[in-house]
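Engineer: Quick one, structure for this:
(one chain, ligands or ions: 1)
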Amino acid sequence: MNASSAVDWEGVDTVLLDMDGTLLDLRFDNWFWGTLVPDRYAAANGISEAQSHERLALKFKNVAHTLQWYCIDYWTRELQLDIPALKRETLPRVGFLPGAEMFLRKLRASGKRLVLVTNSHPTTLAIKDEGVRLTQYFDACYSSQPFDAPKEHAAFWPRLAAREEFSTQRTLFIDDSLRVLQCARDYGIAHLRAVRRPDSGAPPQSTADFAAIDGVAELRQRDAARRNARAGRARRAAADHRRGARRRIGSGRRSARPRSAGRREIVPDEVRARAIRPEAAR
Ligand SMILES: [Mg+2]
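Structural biologist: Alright, predicted model coming up:
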């Protein structure tokens, strides 16, 4: 646990969230591009799996961190494989990261503006949404494709800001890509969190100097722990007030008032309110 990774939700109005590796399990994408596509490419071209992996590695490397990397139309042309059809065929494998959907539900109920910001192609987003109904939780959803720059390019952020008004000082952005996070940091977004475990089947990744969380579910747990600690402090303060009041009553003039009535009068309303506040949806 790293206390610096906890979010000060009072200072956040807008939450920008990445999709793959932040909300949805990157295990699917890693399997799709690392196993399924090479298998289908090998079969379609009559080559061995090893040859297929070798050719694809080169093709992937050539367009890494560009819009083409994320563009399924590009890969459909380049590989002569129907990538959208493959995505549909394998849709049952798409799923949320542990606790991510509950995190979205709670965040939705908190009243903050929720914005999905993904490099995924709009077609990919639409297909995945058919499977997991992700977009229902958001006020707005943006694919970087129409912005003509992926999130890891400086040009993306002012273009997003031109479409989606947000205060950099009061915005939280969560992503699993350090390049993307660095770009968001350079743009001035104040609250950043890196996801340490974007793929549930892989070891945790390094998150450099970014405040990190294993996954978004952790923020709920931490918030709940902080609220519980706050409620505990309030309960102890209330108990101290009661003890102090009893001592004062005991050492001063006798009161005919029943103890329970004195307790109600002595505990300040705001302390009591904090002590009994239900778990807020944050
Ligand atoms: Mg991602």
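
Engineer: where's Leu107, which helix or strand?
Structural biologist: helix 100-110 (DSSP states H and E).

Engineer: Could you do Ile189 as well?
Structural biologist: Judged by DSSP H and E, Ile189 forms part of no helix or strand.

Engineer: so who does the residue of the stretch 51-200 of the chain found nearest the ion touch?
Structural biologist: Across the stretch 51-200 of the chain, no residue is closer to the ion than Asp176, which sits at 4.4 Å (Cβ to the ion). For the C-beta atoms, the positions are set from N, CA and C on the backbone; glycine is no exception. By Cβ atoms under 8 Å, 6 or more residues apart in numbering, the residues touching Asp176 are 18, 20-22, 26, 194-195, 198, 205.

Engineer: Please enumerate the strands of the protein.
Structural biologist: 14-17, 113-118, 140-143, 171-175, 191-195, 212-213 (DSSP state E).

Engineer: Redo the ones you listed as a markdown table? Include distance to Ala239.
Structural biologist: Conversion of the strands of the chain to a markdown table gives the following (distance: least, Cβ to Cβ, whole Å):
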| stretch | distance to Ala239 |
| --- | --- |
| strand 14-17 | 36 |
| strand 113-118 | 39 |
| strand 140-143 | 46 |
| strand 171-175 | 35 |
| strand 191-195 | 35 |
| strand 212-213 | 34 |
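
Engineer: and the ones you listed as JSON lines, adding distance to Ser5 and mean pLDDT?
Structural biologist: Listed next are the strands of the chain as JSON lines, based on distance: least, Cβ to Cβ, whole Å; pLDDT from 0 to 100:
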{"stretch": "strand 14-17", "distance to Ser5": "15", "mean pLDDT": "98"}
{"stretch": "strand 113-118", "distance to Ser5": "20", "mean pLDDT": "98"}
{"stretch": "strand 140-143", "distance to Ser5": "25", "mean pLDDT": "98"}
{"stretch": "strand 171-175", "distance to Ser5": "11", "mean pLDDT": "98"}
{"stretch": "strand 191-195", "distance to Ser5": "6", "mean pLDDT": "98"}
{"stretch": "strand 212-213", "distance to Ser5": "5", "mean pLDDT": "97"}
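
Engineer: For those, give me a markdown table that also has distance to Glu101 and mean neighbour count.
Structural biologist: Conversion of the strands of the chain to a markdown table gives the following (distance: least, Cβ to Cβ, whole Å; neighbours: other Cβ atoms under 10 Å):
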| stretch | distance to Glu101 | mean neighbour count |
| --- | --- | --- |
| strand 14-17 | 12 | 24 |
| strand 113-118 | 13 | 22 |
| strand 140-143 | 16 | 18 |
| strand 171-175 | 15 | 25 |
| strand 191-195 | 15 | 23 |
| strand 212-213 | 16 | 23 |
